[in-house]
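S.K.: the sequence and its predicted three-dimensional model are supplied below.
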Amino acid sequence: MNSSTRYLSLLSALVVLVKGNPVPSALAELMTSGWTSGEELGTDGETGAPPKWEKMIKMLVHEVTTLRNQQFVEEFQKPVEEISSFSQHQVPSTPPHLSKTLCSASNKEACLQEISRGLQVYQLLLQHVKAEYPQSTLLPSVTHQTTVLIGLVKDQMKVAEVVEDLSASERKRVLGEVSTGTEWERKTSVHAILRELRNFLVDTKRALRRMGKRGKDFQ
């Protein structure tokens, strides 16, 4: 994929508007607010703008956080201040934190592969979120931007073909782990997926920034 195609893919993600979707406010926050960690954004050497992936991740973190909070309040009838009380709920198929993978080493290619594979799993798990929380107006944007981010990450690989799509058996296993159980268990699995996706995105942002500092060509 060439730079023009990548730019158009990113642009399409930023302008996608779902009816009733508060994307405009997310765009406003993207342009005006700082990153949650307080770190300054990296810049593109030619334009002085943040790298494409960083803008995309920032948007996604904002929207996934909003979606997680909305689902928690609406589905569990609890204030968002009590969200930490659900931290013990886990989903077996969610990817491990990047700090526990090859991203903790200095192998850039292996780390990019881990990120791409993890995002593919979350892309699939978002189907479960859609099935259990169909009224969400944010979810279509989150799903679309996750797909675009996978493309941006693969663009940085030397051999993107190494990361294959999930097989039919893998897809069946992942969805089977979250689609069964009681209504309560399915709701808590949605919450856990959104929580862990947010954490994975933050880990991804940190890993990509480390790579960017090691090589100016990583934009």
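M.R.: Cool, got the structure. Predicted, not measured: the structure shown is a model, and the values here were computed from it. Numbering: from 1, shown residues only.

S.K.: after the lowest-mean-pLDDT helix or strand in the chain, next one along is what?
M.R.: Of all helical and strand segments in the chain, the minimum by mean pLDDT, DSSP states H and E falls on helix 23-32, at a mean of 40. Following helix 23-32 in sequence order, the next helix or strand is helix 52-76 (DSSP states H and E).

S.K.: measure Lys154 to Glu196 for me?
M.R.: Taking CB to CB, to the nearest Å as the measure, Lys154 and Glu196 are separated by 22 Å. Yep, even glycine has a C-beta here, placed from its N, CA and C like the rest.

S.K.: sorry, slip of the keys, the one I care about is Gln120.
M.R.: Distance from Gln120 to Glu196, by CB to CB: 14 Å.

S.K.: same check on Ser116?
M.R.: 17 Å.

S.K.: biggest helix in this structure by residues?
M.R.: Longest helix of the chain, by residue count under DSSP state H: helix 183-214.

S.K.: just the mean pLDDT for that helix, thanks.
M.R.: Mean per-residue pLDDT for helix 183-214: 90.

S.K.: pLDDT weak spots in the protein?
M.R.: Applying pLDDT under 70 to the chain picks out residues 1-50, 102, 104-106, 214-219.

S.K.: let's see that with 50 instead.
M.R.: Applying pLDDT under 50 to the chain picks out residues 2-11, 13-20, 22-47, 216-219.

S.K.: what about Asn202, neighbour count?
M.R.: One thing to correct before we go on: residue 202 is Val, not Asn. Per other CB atoms under 10 Å, the neighbour tally for Val202 reads 19.

S.K.: likewise Val148?
M.R.: 21.

S.K.: please apply the same query to Trp53.
M.R.: 26.

S.K.: now the closest residue in space to it that isn't next to it in sequence: which helix or strand?
M.R.: Distance criterion CB to CB, 6 or more residues apart in numbering; nearest residue to Trp53, sequence neighbours excluded, is Leu152 at 4.7 Å. Using DSSP H and E, the element containing Leu152 is helix 139-155.

S.K.: the one helix or strand Gly118 maps to packs against which elements?
M.R.: In this structure, Gly118 sits in helix 108-132 according to DSSP H and E. Counting contacts by 3 or more CB pairs under 8 Å, 6 or more residues apart in numbering; DSSP states H and E, helix 108-132 packs against helix 139-155, helix 168-179, helix 183-214.

S.K.: nearest to Gln71, of the ones you listed?
M.R.: Among the helices and strands packed on helix 108-132, the nearest to Gln71 by CB to CB is helix 183-214 (6.0 Å).

S.K.: mind listing what the residue lying closest to Lys78 once chain neighbours are set aside touches?
M.R.: Of all residues not flanking Lys78 in the chain, Phe72 sits nearest, at 6.7 Å (CB to CB, 6+ apart). By CB atoms under 8 Å, 6 or more residues apart in numbering, the contact set of Phe72 is 78, 80, 83, 86, 191.
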